[in-house]
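Trainee: Sequence and predicted structure below; questions after.
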Amino acid sequence: MSEFAGKIILVTGATSGIGRATSVALAESGAIVIAAGRRRDLGVQLEAEATGCRGSISFSTLDVSDETSIDSLFAHIETQFGRLDGALNNAGTESESLPVPDMPVADFDRLFSVNVRGTWLCMRHEMRFMRAQGSGAIVNTSSVAGVKGYPGASAYSASKHAIVGMTRAAGLEFPDRGVRVNCFCPGATRSEMSARWSERLPNGYDDLAQLIPIKRVSEPREQAEVAMFLLSDRSSYVTGAVYTCDGGSSAG
């Protein structure tokens, strides 16, 4: 399948988990992927992983908590490519699980700086590209915590709910100019972040799986398939939408 052949697509938070899996899947489908993240060593490995794919992956260093870093990335995209066909805003962070009275304000601010402000700043540039060219698809990564609450995760959950709200609003701004904005809400997925969560449980992922109706943790590639659907023309009539991919966790 080469439905993304020649399309310029940005993936942030690309060096691990869902971002990495989506970058590789897009390259396999012919996309020219700009994979952005903080860890250059992993970015170089990711570039090599795309060798032999129909498309390609080029890595760019990005810290979404730094507006200058974001500005530099999009200046590079403008100079190098002159357009942007799709974007997965996947960069995000977490904090220690603590009840509201015990959470440091600095942790709350850091979560919103990365998860909310970083996503919004990237969307700002992406929508400028897409509005001008009259086409484009943006996908924001929220979380199952963006549609339900978890004790000890008030700030994280609030940041992911904010992404849902931003997506719904932004998805209504330029649909008549061909710009679609959607988000998806992954449940527990094998990644560095979920590995840290699972370490708090006696039997790790096995215990975590028992909390999920489908009784297993998802693989990053399963989440990548949802992101790719929303980036593709297969979802051409979808904007401002919120897709859950959580094994049924948010259904009950």
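Mentor: Structure's in. What do you need?

Trainee: Tell me how many other residues surround residue 134.
Mentor: One way to gauge burial is a neighbour count; for residue 134, by other Cβ atoms under 10 Å, it gives 11. For glycine as for every other residue, the C-beta is placed from the backbone atoms N, C-alpha and C.

Trainee: do the same with residue 109
Mentor: With neighbours defined by other Cβ under 10 Å, the count for residue 109 comes to 12.

Trainee: just so I have it, where are all the strands in this protein?
Mentor: Ranges of strands within the chain are 8-12, 32-37, 56-61, 86-89, 136-141, 179-186, 242-245, based on DSSP state E.

Trainee: Ok, which of the ones you listed comes nearest residue 24?
Mentor: Comparison of the strands of the chain against residue 24 by Cβ to Cβ identifies strand 56-61 as nearest, at 7.5 Å.

Trainee: Go through this protein and flag its longest helix.
Mentor: Ordering each helix of the chain by length in residues (DSSP state H) puts helix 154-170 first.

Trainee: Turn the strands of the chain into a markdown table, including mean pLDDT, mean neighbour count and distance to residue 166.
Mentor: Below are the strands of the chain laid out as a markdown table (pLDDT from 0 to 100; neighbours: other Cβ atoms under 10 Å; distance: least, Cβ to Cβ, whole Å):
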| stretch | mean pLDDT | mean neighbour count | distance to residue 166 |
| --- | --- | --- | --- |
| strand 8-12 | 99 | 27 | 15 |
| strand 32-37 | 98 | 27 | 19 |
| strand 56-61 | 98 | 18 | 23 |
| strand 86-89 | 99 | 28 | 10 |
| strand 136-141 | 99 | 27 | 7 |
| strand 179-186 | 98 | 26 | 8 |
| strand 242-245 | 97 | 19 | 11 |
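
Trainee: In CSV, list the ones you listed along with distance to residue 101.
Mentor: Formatted as CSV, the entries for those read as follows, by distance: least, Cβ to Cβ, whole Å:
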stretch, distance to residue 101
strand 8-12, 33
strand 32-37, 34
strand 56-61, 37
strand 86-89, 31
strand 136-141, 29
strand 179-186, 27
strand 242-245, 30
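
Trainee: And those: which comes nearest residue 153?
Mentor: Checked against Cβ to Cβ, the stretch from the strands of the chain lying closest is strand 179-186, at 13.9 Å.

Trainee: What sits closest to residue 166 if chain neighbours are left out?
Mentor: Of all residues not flanking residue 166 in the chain, residue 120 sits nearest, at 6.1 Å (Cβ to Cβ, 6 or more residues apart in numbering).

Trainee: Can you report how many residues neighbour the one you found?
Mentor: Summarising burial for residue 120: neighbours were counted as other Cβ under 10 Å, giving 16.

Trainee: Relative to residue 165, how far out is it?
Mentor: With the distance defined as Cβ to Cβ, to the nearest Å, residue 120 ends up 11 Å from residue 165.

Trainee: With residue 79 instead?
Mentor: Computed as Cβ to Cβ, the residue 79 to residue 165 distance reads 33 Å.

Trainee: more crowded one of those two?
Mentor: The neighbour count for residue 79 versus residue 165, taken as other Cβ under 10 Å, is higher for residue 165 (14 against 8).

Trainee: Per-residue pLDDT of that one, please?
Mentor: Residue 165 carries a pLDDT value of 99.

Trainee: repeat for residue 198
Mentor: In this model, residue 198 is scored at 62, pLDDT.

Trainee: Next one: residue 88 from residue 19, what distance?
Mentor: According to Cβ to Cβ, residue 88 stands 7 Å off from residue 19.
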